[in-house]
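>>> coords please:
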Amino acid sequence: MSEKNRDGKRTARERLAVEREKQKSAEKRRRTLIVGASVVCVLGLAAVIGVVAAKAGKDKGTSAGPVVAPSGAQGKDSLAIPVGKDGAKSTLTVWEDFRCPACQSFETRYRSTLHELTDAGKLRIEYHLVRLIDGNLGGTGSLRAANAAACAQDAGKFRDYHDVLYANQPQETDDAFADNGKLIQLAGKVKGLDTAAFQKCVKDGAHDSWVNRSHKAMQTAGLSSTPSVLLNGKNIYQDQTLTPEKLKQMVEQANQQ
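Got it, this is the predicted structure:
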């Protein structure tokens with residue numbers, strides 16, 4: 001065999017060996033990509049599961065049950081709890097959250113004036129209960145307290161229990177109202193409220209879906225903060241000059257017309 005032929009065969013074998021190495025490298029890369037893609041899919045699935053689990057945890061305490069309005073609730077979809085006489089010339093619409101410190105401040109400052117005007121038949125208040133703080137800070141205290149207040153409405157004790165809740169409001173970051181036992185204990189401060197029917201209503205979350213609907217109605221109305229206070233449809237709480245005396249004067253003037 002000539003030297004030229006031997007060189008040709010050697011070159012061919014070398015080319016074949018190089019080609020085989022290329023094929024092995026390509027196969028190795030392919031397997032690596034498949035494994036990598038599988039890991040990404042698994043991680044992606046885990047992420048989805050994590051999001052779903054987190055959402056489930058966040059939504060814990062909400063109710064998907066039927067919407068049951070408390071006794072005597074009025075207005076669109078029966079979302080307003082009325083305090084005062086139906087024939088009053090002025091209506092104060094109040095959107096409140098029992099965990100909201102600003103709501104407590106409003107109630108503390110204006111309570112005696114509101115009681116005076118409603119008792120005199122000059123003002124009617126429509127309370128809308130929402131759960132803004134639950135959404136901002138987490139927890140279910142706003143929902144549980146609002147449900148309990150709706151249960152008090154069933155018993156004809158809303159105003160007194162409403163005032164007790166604000167008088168015993170925990171710190172905003174303390175979700176103490178999430179404890180039904182605490183809410184039932186506070187009902188003992190209202191004569192005749194702590195009954196078996198009230199306790200069952202609180203524990204069953206009888207009005208949870210109603211509270212959630214009320215909260216959604218607030219969002220639909222374009223209101224983003226609590227308290228939101230409207231007198232005869234006009235938002236008056238944004239007025240920095242508003243005082244209990246000024247509110248009383250506005251109501252008195254409306255009654256003279």
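
>>> make it CA atoms for all contacts and neighbour counts henceforth
Noted.

>>> so who does the closest residue to residue 91 other than its chain neighbours touch?
If the residues on either side of it in the chain are set aside, residue 91 comes closest to residue 124, at 4.8 Å by C-alpha to C-alpha, 6 or more residues apart in numbering. Under the criterion of C-alpha atoms under 8 Å, 6 or more residues apart in numbering, the neighbours of residue 124 are 82-86, 88-92, 118.

>>> against residue 108, how distant is residue 217?
Residue 217 sits 26 Å away from residue 108 when distances are taken as C-alpha to C-alpha, to the nearest Å.

>>> neighbour count: these two, which is higher?
Higher neighbour count among residue 217 and residue 108: residue 217, with 17 against 13, using other C-alpha atoms under 10 Å.

>>> quick one: distance of the strand or helix carrying that one to the chain centre.
Following DSSP states H and E, the helix or strand that holds residue 217 is helix 208-220. The chain centroid and the centroid of helix 208-220 are separated by 9 Å under C-alpha atoms, centre = their mean, to the nearest Å.

>>> next one: stretch 186-200
That offset, for stretch 186-200, works out to 25 Å (C-alpha atoms, centre = their mean).

>>> what of stretch 90-103?
Per C-alpha atoms, centre = their mean, the centroid offset for stretch 90-103 relative to its chain is 15 Å.

>>> what about that stretch, start to end distance?
21 Å.

>>> quick one: contacts of it?
Outside of stretch 90-103, the residues that reach it under the criterion C-alpha under 8 Å, 6+ apart are 104, 122-133, 141-142, 145-146, 165-166, 169-172, 177, 218, 226-233, 251, 254-255.

>>> those residues in strands, which ones?
Among those, the members falling in strands are 123-129, 228-231 (criterion: DSSP state E).

>>> quick one: which of these is nearest residue 183?
When the ones in strands among the contacts of stretch 90-103 are compared for distance to residue 183, the smallest value, 15.7 Å, is given by residue 129; criterion: C-alpha to C-alpha.

>>> what's the local residue count around the closest one?
Residue 129 is surrounded by 29 other residues when neighbours are defined as other C-alpha under 10 Å.

>>> which residues sit in contact with residue 222?
Residue 222 neighbours (C-alpha under 8 Å, 6+ apart): none.

>>> distance-wise, check it relative to residue 216.
Counting by C-alpha to C-alpha, the gap from residue 222 to residue 216 is 10 Å.

>>> cool, and residue 88?
Taking C-alpha to C-alpha as the measure, residue 88 falls 28 Å from residue 216.

>>> who's more crowded, those two?
Here residue 88 and residue 216 are set side by side on neighbour count (other C-alpha under 10 Å), and the busier one is residue 88, at 18 against 13.

>>> that's a helix at that one, yeah?
No: the assignment for residue 88 is coil, going by DSSP: H, G, I helix; E, B strand; the rest coil, so no helix is present there.

>>> correct me, but it touches residue 123?
Yes: using C-alpha atoms under 8 Å, residue 88 and residue 123 qualify as a contacting pair, with a distance of 5.2 Å.

>>> hang on, the earlier thing: just the buried members of the contacts of residue 124?
82-85, 88-92, 118 (16 or more other C-alpha atoms under 10 Å).

>>> low pLDDT regions in the protein?
Across the chain, residues meeting the criterion (pLDDT under 70) sit at 1-64.

>>> and the strands in it?
With strands called from DSSP E, the chain shows them at 81-83, 90-96, 123-129, 228-231, 234-235.

>>> out of those, flag the one nearest residue 195.
Taking C-alpha to C-alpha as the measure, those were each checked against residue 195, and strand 81-83 came out nearest at 20.8 Å.

>>> got the contact list for the closest one?
Counting contacts by C-alpha under 8 Å, 6+ apart, the residues touching strand 81-83 from outside are 70, 72-74, 118, 124-128, 153, 159.
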